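Undergrad: Below is the structure, and that's it, no one-letter string:
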């Protein structure tokens, strides 16, 4: 089901941190950080009035996505801390999710962010993306699943200060609206098929 190109944001629970001393760094830098900007397992996106909306990303959803020039920022705004095109940022999709690594040595703002990550003032990540294809499923009464089948574009990975944000809730409300519409369309489709069968039987 194609949808309009609206940028979405998700914060993940995995930690953003400097590499441990015995970790193999992917970039040669004394200001090296790494973490998962996105993870694939199912998670509760939103709960409202007893209705739960889950979301999961298909393991191959990033295959073919536009990742041509991703940037790293703080809270998805402000100065660029690292960038794919100049070699200070890297991403790798693996079985767990979207792994990122960065050299935060190239600017004062980037080095300051490294220090904040080092002392665990900043510990979480978020990413911004658009979706090419998705699927909705009703799992049970008041329980829905949105499965992201294909990511269209990844815009940025960001260190974040606050785990939840309004953008996630806006996305969740949009998901709720679309899942309701999909369910109504399915119901109308079943009613139309039953009517056709009835007409054939009576004819």
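TA: Great, that's in hand. Predicted model, so just to flag it, every value in this text is computed and none were measured.

Undergrad: A helix includes residue 125, no?
TA: No - checked against DSSP: H, G, I helix; E, B strand; the rest coil, residue 125 lies outside a helix; its state is strand.

Undergrad: Tell me what the residue nearest to the spatial centre of the chain is bridged to.
TA: For the chain, the residue nearest the mean C-alpha position is residue 10 (4.6 Å; CA atoms, centre = their mean). According to DSSP bridges, the residues that bridge with residue 10 are residue 127.

Undergrad: Surely it and residue 40 touch.
TA: No - taking contacts as CB atoms under 8 Å, residue 10 lies outside contact range of residue 40: 11.7 Å. Using the backbone N, CA and C atoms, a C-beta is placed for each residue, glycine as well.

Undergrad: confidence score at residue 120?
TA: Listed pLDDT for residue 120 reads 89.

Undergrad: ok, back up a step: how far away is the residue nearest to the centre of the chain from residue 87?
TA: Shown here: residue 10 relative to residue 87, a distance of 26 Å by CB to CB, to the nearest Å.

Undergrad: same deal with residue 152?
TA: In terms of CB to CB, residue 152 sits 25 Å off from residue 87.

Undergrad: So which of these two has more stuff around it?
TA: residue 152 (16 against 11; other CB atoms under 10 Å).

Undergrad: Let me see the ranges of the strands in the chain.
TA: In the chain, strands defined by DSSP state E lie at 8-12, 17-18, 32-39, 43-48, 51-57, 71-74, 77-83, 89-93, 97-103, 124-140, 143-160, listed in chain order.

Undergrad: ok, residue 65 touching residue 154?
TA: Yes - using CB under 8 Å, residue 65 is in contact with residue 154, at 5.9 Å.

Undergrad: and stretch 78-89, which residues are buried?
TA: By neighbour count on 16 or more other CB atoms under 10 Å, the buried set for stretch 78-89 is 80, 81, 82, 83, 84, 88, 89.

Undergrad: now do the same end-to-end measure for it.
TA: 17 Å (CA to CA, to the nearest Å).

Undergrad: State the mean pLDDT of that stretch.
TA: The model assigns stretch 78-89 a mean pLDDT of 96.

Undergrad: can you check stretch 93-106 too?
TA: According to the model, stretch 93-106 has a mean pLDDT of 93.

Undergrad: and that stretch, how far out from the chain's middle?
TA: 14 Å (CA atoms, centre = their mean, to the nearest Å).

Undergrad: Contacts only, for the closest residue in space to residue 157 that isn't next to it in sequence.
TA: Leaving aside its chain neighbours, residue 157 sits nearest to residue 37 (4.0 Å; criterion: CB to CB, 6 or more residues apart in numbering). Residue 37 makes contacts with 12, 91, 97, 98, 99, 100, 125, 126, 127, 157, as judged by CB atoms under 8 Å, 6 or more residues apart in numbering.
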